[in-house]
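S.K.: would you be able to build a 3D model of this:
(2 chains)
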Amino acid sequence: MNHYVLSLIVNNEINVISRVSGLLARRGYHVSCLSMREAEDPSLSRMTFVLEGDEHTLDQAKKQLCKLVDVIAVVEMKIQTSIRRELALVKVKAGPTDRVFIGETAKFFRAKIVDVAEETLIVEITGDDGKISAFINLMKPYGIVEVVRTGLAALERGNQGSSCYKEVYEKVQ
Amino acid sequence: MRFNGARILLECIREQGVDTIFGYPGGAVINIYDELYKQRNVLRHIRTSHEQGAVYAADGYARATGKVGVCLATSGPGATNLVTGIATAFMDSIPIVAITGNVPLSLLGKDSFQEVDIMGITMPITKHNFIVKDISNLADTVRSAFEIAKSGRPGPVLINIPKDITAHITEYKRITHKDRKVKDIPISPDSIAQAADLINMSKRPFIYAGGGVGCSGAADELVEFAEMLDAPTGCSLMGLGCFPGTHRLFTGMIGMHGTMASNLTATNCDLLIAVGARFSDRVVSNVKRFAPNAKIVQIDIDPTEISKNIEIDCHIMGDVKKVLSQLNSHVKRVIREEWVDQVIGWKQQYPLKYKRDGGLKPQYIMEKIYELTKGEAIITTEVGQNQIWAAQYYKYTRPRTYISSGGLGTMGYGLGASIGAQVGMPHKRVINIAGDGSFLMNCNELATVVENNLPIIVVVLNNHALGMVYQWQDMFYGSRYSCTQLNSPVNFVKLADAFCAVGLTITKEEEVESVLSRALELDGPVVINCEISRDEKVFPMVPPGEPIANTILGE
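M.R.: Numbers count the residues shown, from 1 in each chain, chains lettered A, B, ... in the order given. Reported below is the predicted structural model:
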């Protein structure tokens, strides 16, 4: 089973998230995370998700997504050519003695402590999936209260921007 | 000009050249119906008995004419009654625009009277759907809906219009030539060359034609292609009529109820060329053992169909008509005596046949219908045994003459579809082939047929059973006929009479010709009740999961 990061340029319409998630669900594509926000052009939104499956699933999923009228482009964010980031907020138990160690670990991960309460801390951490998972694992012994992760955001490296979307779309077709 | 939403909706529909719509009134569409009243001389509205009849009629109209079918229903139950019909059109790639009313904007999302989330419900069964929340978007939405419905691989589009939008007023400007151009998918010259190479190298090609040929209007190009290649050609159920049933290269339908000749040809060919066909499970059956010795070329306008169900060796994406005309100039004309002789041998060795034991046979009835209409009728069907007998024992020679729910297998579809076909093609004879089960699902539409004096003939192949399931129970479930015997003594002749249609009966083979001739002369709505045996089965048949070469020819 492989993981593919797909980035969708979609019309910024109210129903678009149901159209995409509905299609993924009814065709049986397994998606581990999905995030969405308005893009640089406010008439568009950018949706990023991780698809699990094989090459055939990837090919079918791309083509099926392209068929949705509100989908402008489907771009695969390959690991070598894209930047992928996720943000997580981790609420961890932190008594007086643990705080220092948690703070030190957070520094190594370039994470920030954004909330301090009597018995817990909230740590904000940014990175790819591996880094965040590693940090969460290190926090487990202290006792994790809650974790929220945003899902991946990804952008292609290099000079090209949204002007190439059209071309990508046609290529996928 | 300033018009209200209802007027703008109808003006935009007329911009598209539509002259007929099918529908059913209700509270949320009352403004639209008020406008329809004013436009009754320029826009014909056929009110059906049930919204389901309206959407089937729009679908039948689209299949028979090639134009976009339009249906209209109110919010809530009106909208949900369209759902099976929209799904039917979606599975068979039929261009329809379904318009539903909805509660006023301020009441949306509050479980208001007759409110339902038809957007959510129809998202998986439409190419696209729209809700109009601002009158200024109405005209362009309607235009886009038609464009989407008919472009590329056609399909249904739904427009949901809250009631107050139909009353709001805005500026309307008529557009006759659309500014937006429909994108023409360029055909890759490389794929043409690659396919032409495979074709020119092939010794035993077989063409498998589907509904895409009819959609694209490519029947003539297909005949030319088959004759250039001297390639035997079979059709999916949806493809019937796209290749002349009388042609020497025609092998018949392929798949579960296909001919032995088609199934053997597909299994023994070295190149299978799928033209506008999607390798449905009803064609392929056992994926691993389908066309085991063949390279596969697929021609389709929809990229998602390529390698979806079967691994493809070479594909050409594009409109079938354009692809075939390009291919026709790239392939060599050949004569393949040995291969064609072998295939014709199979056709002779394993013809479609049925036992002539003195009883009234549905196959015989179909043959007689073919003979008496000279093959020029439009045949609509319900779903089940009736659909398959109608597919097998009538030779379709032109596209859009066999109208049947192929993908979804919707019982009750045929009568509504026949209404649409007859309205769209008033000079054609339209005959709906039904079983007693399917007919009972939507026989209420006889009221529509009679009210509009449509000369539709309904042939009820009455075996007092849900024949197809009954057949499966007989063959694979130890004759445990669970709920498939229809023992209600319903009298279809009296039923026809009650609807003020003519009811006729056939009980013996000798009566078939005279009763059918009489029905054809009547030129008005007729129901013919044909008393056939419950034990009559559909053959050939490929048992579920078997490779198609393991066709059972009969009992």
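
S.K.: domains in chain A, by residue range?
M.R.: When chain A is parsed into structural domains using automatic domain parsing, the resulting residue ranges are A:2-81+A:160-172, A:83-149.

S.K.: ok, which of those domains comes nearest chain B?
M.R.: domain A:2-81+A:160-172 (4.1 Å; C-beta to the nearest C-beta). Where C-beta positions appear, they are placed from N, C-alpha and C, glycine not excepted.

S.K.: is any residue of that closest one near chain B?
M.R.: Yes: contact between domain A:2-81+A:160-172 and chain B, assessed by C-beta under 8 Å from any C-beta of the partner chain, occurs at A:15, A:18-19, A:22-23, A:26, A:56, A:59-60, A:63-64, A:66-70.

S.K.: out of the residues you listed, which are buried?
M.R.: If you count burial by 16 or more other C-beta atoms under 10 Å in any protein chain shown, the buried members of those come out as A:15, A:19, A:23, A:59-60, A:63-64, A:66-70.

S.K.: which residues does B:Leu272 bridge with?
M.R.: For B:Leu272, the beta-bridge partners are B:Phe206, B:Ile296 (DSSP bridges).

S.K.: got phi/psi on A:Val31?
M.R.: Note on A:Val31: its backbone torsions stand at phi -120, psi 130 [degrees, to the nearest 10].

S.K.: I meant to write B:Ala231 there.
M.R.: phi -110, psi 130.

S.K.: residues contacting it?
M.R.: Taking C-beta atoms under 8 Å, 6 or more residues apart in numbering or on different chains, we find B:Ala231 in contact with B:205-207, B:225, B:249, B:273, B:336.

S.K.: go again with 10 Å.
M.R.: By C-beta atoms under 10 Å, 6 or more residues apart in numbering or on different chains, the contact list for B:Ala231 reads B:199, B:202, B:204-207, B:225, B:249, B:265, B:269, B:271-273, B:331, B:334, B:336, B:339-340, B:343.

S.K.: is there a quick ChimeraX command that grabs whichever of those are buried?
M.R.: Of these, the buried ones can be selected in ChimeraX as follows, counting by 16+ other C-beta under 10 Å:
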select /B:199,202,204,205,206,207,225,249,265,269,271,272,273,331,336,339,340,343
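
S.K.: that older thread, would you point out the most distant pair within the residues of domain A:2-81+A:160-172 next to chain B?
M.R.: Pairwise distances across these (C-beta to C-beta) peak at 28.5 Å, for the pair A:Asn15 and A:His56.

S.K.: quick one: low-confidence parts of chain A?
M.R.: A:161-173 (pLDDT under 70).

S.K.: need the residue closest to the centroid of it.
M.R.: Of all residues in chain A, the one closest to the mean position by C-alpha atoms, centre = their mean is A:Leu152, 1.2 Å from it.

S.K.: do you know how far that one is from A:Val5?
M.R.: For A:Leu152, the distance to A:Val5 under the criterion C-beta to C-beta, to the nearest Å works out to 6 Å.

S.K.: residues that sit against both of these two, list them.
M.R.: Residues touching both A:Leu152 and A:Val5 by C-beta under 10 Å, 6+ apart: A:33, A:48-50, A:77, A:82, A:84, A:128-129.

S.K.: domain assignment for chain B?
M.R.: The domain map for chain B lists B:2-171, B:189-349, B:362-531, with the assignment taken from automatic domain parsing.

S.K.: make a markdown table from the ones you listed and add distance to A:Glu146 and mean pLDDT to it.
M.R.: Listed next are those as a markdown table, based on distance: least, C-beta to C-beta, whole Å; pLDDT from 0 to 100:
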| stretch | distance to A:Glu146 | mean pLDDT |
| --- | --- | --- |
| domain B:2-171 | 31 | 97 |
| domain B:189-349 | 40 | 97 |
| domain B:362-531 | 46 | 97 |
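
S.K.: just checking: what are the partner strands of the helix or strand hosting B:Val460?
M.R.: Of the helices and strands defined by DSSP states H and E, B:Val460 is found in strand B:457-462. According to DSSP bridges, strand B:457-462 has the following sheet partners: strand B:430-435 (parallel), strand B:526-531 (parallel).

S.K.: now that strand, how far from the centre of its chain.
M.R.: Between the centre of strand B:457-462 and the centre of its chain there are 19 Å (C-alpha atoms, centre = their mean, to the nearest Å).

S.K.: helix or strand right after that strand?
M.R.: Past strand B:457-462, heading to the C-terminal end, the next element that is a helix or strand (DSSP H and E) is helix B:467-476.

S.K.: quick one, that following helix and strand B:430-435 angle?
M.R.: Interaxial angle of helix B:467-476 relative to strand B:430-435 (axes from the mean of the first three to the mean of the last three C-alpha atoms, to 10 degrees): 40 degrees.
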